[in-house]
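> Take a look and give me a structure for this.
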Amino acid sequence: MSKIKPSKGAPYARIMGVGGYRPVRVVPNEVILETIDSSDEWIRSRSGIATRHWASPEETVAAMSVEAAGKAIADAGITPEQIDAVVVSTVSHFKQTPAIATEIADRIGAGRPAAFDISAACAGFVYGLTLAKGMIVEGSAGHVLVIGVERLSDLTDLEDRATAFLFGDGAGAVVVGPAQEPMIGATVWGSEGDKSDTIRQTVPWDDFHAGATKAGATEAGSGEKFPAITQEGQAVFRWAVFEMAKVAQQALDAAGITPDDLDVFIPHQANMRIIDSMVKTLKLPESVTVARDVETTGNTSAASIPLAMERILATGQAKSGDTALVIGFGAGLVYAATVVTLP
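This is a model prediction of the structure:
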């Protein structure tokens, strides 16, 4: 018989507050067209994107996260000292160690919380949300700060006609805390590693640095490109539309609700065509508000869901207490979906 006493956490968990940060610089499609042979009409028809935000040197992964975190903590009505864990999802923090979460925790004045990064690409925010829920219910944390943050402009090949227009920068954050009723549903998540090459980094970091040393890539005219994100667009589109609609339906089933019970749909902001196709496949009623933040923010990977959530609440398109389906999917191929009550 075990001598370990059972942990005592909250019965359930909920999102208490949300915050977002978008870099000051707004980049229209015209800027992208300076380096690729395309048109504004083509970009909009393929992606729905009109503008995106690109970070300045001062708008680092940590700086953007601190701004978003501060708003989420204030929105939750707590103090930074009450944060017991900081979970950061990002693929654009370029130090292997230490985790950027530790720096963020210190800069917001959180004291000595658990702090770690996760790498789950565009599904990373929902992964972090799921981990936070587990901490609250298990009892190892009273309040968890979950951040999705990216500087994808650093990983964009502006000469790649297939991806140059897709990516943007920004940070979104939520505070997860205790609840007396279910307000974050069961997560349906997984991966399809056999398809991992469909979204990938062009050059591994070790190959890039080795090449830089041998070929003098730090010198002007070396010809070596910084690693960037590339993808097989059609394969990703088909997977997202058909397979992720199934996952979204499974999340609804796990929560015990139907599309008619939904108020809001907040998918990863990858592409407007993907979003519209998922809405059609899921047969969502016209009464469901659909987040389409991708039009002015672009694809911000791990940051896209919390940024879209923050905007849809700030603009009054959704309200506190609404039931929302969220789903993230991306490189790996990884995915995660759940149903939440909006803060």
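
> which residue ranges form the strands in the stretch 51-200 of the chain?
Along the stretch 51-200 of the chain, counting by DSSP state E, counting those that start in this stretch, strands occupy 51-54, 85-89, 114-118, 144-151, 169-179, 188-191, 199-201.

> oh sorry, the question was meant for the stretch 201-343 of the chain
229-231, 264-267, 289-290, 323-330, 334-341.

> Looking at the ones you listed, which is nearest to K5?
With C-beta to C-beta as the criterion, K5 lies closest to strand 334-341 of those, at 29.9 Å. From N, CA and C alone the C-beta is placed, and that goes for glycine too.

> So what touches the closest one?
By C-beta atoms under 8 Å, 6 or more residues apart in numbering, the residues outside strand 334-341 that reach it are 14-15, 120-123, 126-127, 129-130, 183-191, 243-244, 247-248, 250-252, 254-255, 257, 262, 321-329.

> Equivalent analysis for stretch 93-111, please.
61-62, 65-66, 69-70, 73, 80-81, 83, 86-88, 90, 113, 115-117, 145, 147, 149, 154.

> C-alpha coordinates for it, CSV please?
What follows is stretch 93-111, C-alpha atoms only, in CSV (Å, rounded to 0.1, in the frame of the first residue of the first chain):
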residue,chain,number,x,y,z
HIS,A,93,13.4,31.5,-28.9
PHE,A,94,16.8,30.6,-30.3
LYS,A,95,18.6,29.6,-27.1
GLN,A,96,18.5,25.9,-26.3
THR,A,97,18.8,26.8,-22.6
PRO,A,98,17.8,28.4,-20.3
ALA,A,99,14.1,28.4,-21.0
ILE,A,100,12.8,31.8,-21.9
ALA,A,101,10.0,31.1,-19.3
THR,A,102,12.5,31.7,-16.5
GLU,A,103,13.4,35.2,-17.7
ILE,A,104,9.7,36.1,-18.2
ALA,A,105,8.8,34.9,-14.7
ASP,A,106,11.5,37.1,-13.3
ARG,A,107,10.6,40.1,-15.3
ILE,A,108,6.9,40.0,-14.4
GLY,A,109,7.8,39.7,-10.7
ALA,A,110,6.3,36.2,-10.2
GLY,A,111,8.8,35.2,-7.5
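
> still on that earlier bit, selecting buried members of the contacts of strand 334-341 in PyMOL, what would you type?
Remark: buried members of those, expressed as a PyMOL selection using 16 or more other C-beta atoms under 10 Å:
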select buried, resi 14+15+120+121+122+123+126+127+129+130+183+184+185+186+187+188+189+244+247+248+251+252+255+262+322+323+324+325+326+327+328+329
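
> hang on, the earlier thing: I'd like to know which of the contacts of stretch 93-111 are buried.
Listed as buried from the contacts of stretch 93-111 are 61-62, 65-66, 69-70, 73, 80, 83, 86-88, 90, 113, 115-117, 145, 147, 149, 154; burial here means 16+ other C-beta under 10 Å.

> Just the terminal-to-terminal distance for stretch 306-326.
Across stretch 306-326, the terminal residues are separated by 10 Å (C-alpha to C-alpha, to the nearest Å).

> Just checking the distance from it to the centre of its chain.
Distance of stretch 306-326 from the chain centroid (C-alpha atoms, centre = their mean, to the nearest Å) equals 15 Å.

> buried ones in that stretch?
In stretch 306-326, counting by 16+ other C-beta under 10 Å, buried: 306-313, 318, 322-326.

> Could you take these and lay them out as a markdown table, with extra columns for distance to A270 and pLDDT?
Converted to a markdown table, the buried residues of stretch 306-326 look like this (distance: C-beta to C-beta, whole Å; pLDDT from 0 to 100):
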| residue | distance to A270 | pLDDT |
| --- | --- | --- |
| P306 | 15 | 98 |
| L307 | 13 | 98 |
| A308 | 11 | 98 |
| M309 | 16 | 98 |
| E310 | 18 | 98 |
| R311 | 16 | 98 |
| I312 | 17 | 98 |
| L313 | 21 | 98 |
| A318 | 20 | 98 |
| D322 | 23 | 98 |
| T323 | 23 | 98 |
| A324 | 18 | 98 |
| L325 | 16 | 98 |
| V326 | 13 | 98 |
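
> Return the closest of these with respect to R46.
Using C-beta to C-beta, the buried residues of stretch 306-326 come closest to R46 at A308, 19.7 Å.

> correct me, but that closest one touches A270?
No. Look at A308 against A270 with C-beta atoms under 8 Å: they stay out of range, at 11.2 Å.

> Now do the same contact list for the nearest residue to C122 once chain neighbours are set aside.
Spatial nearest neighbour of C122, chain neighbours left out: G330 (2.8 Å); criterion: C-beta to C-beta, 6 or more residues apart in numbering. By C-beta under 8 Å, 6+ apart, the contact set of G330 is A120, A121, C122, A123, I199, H268, A270, S301.
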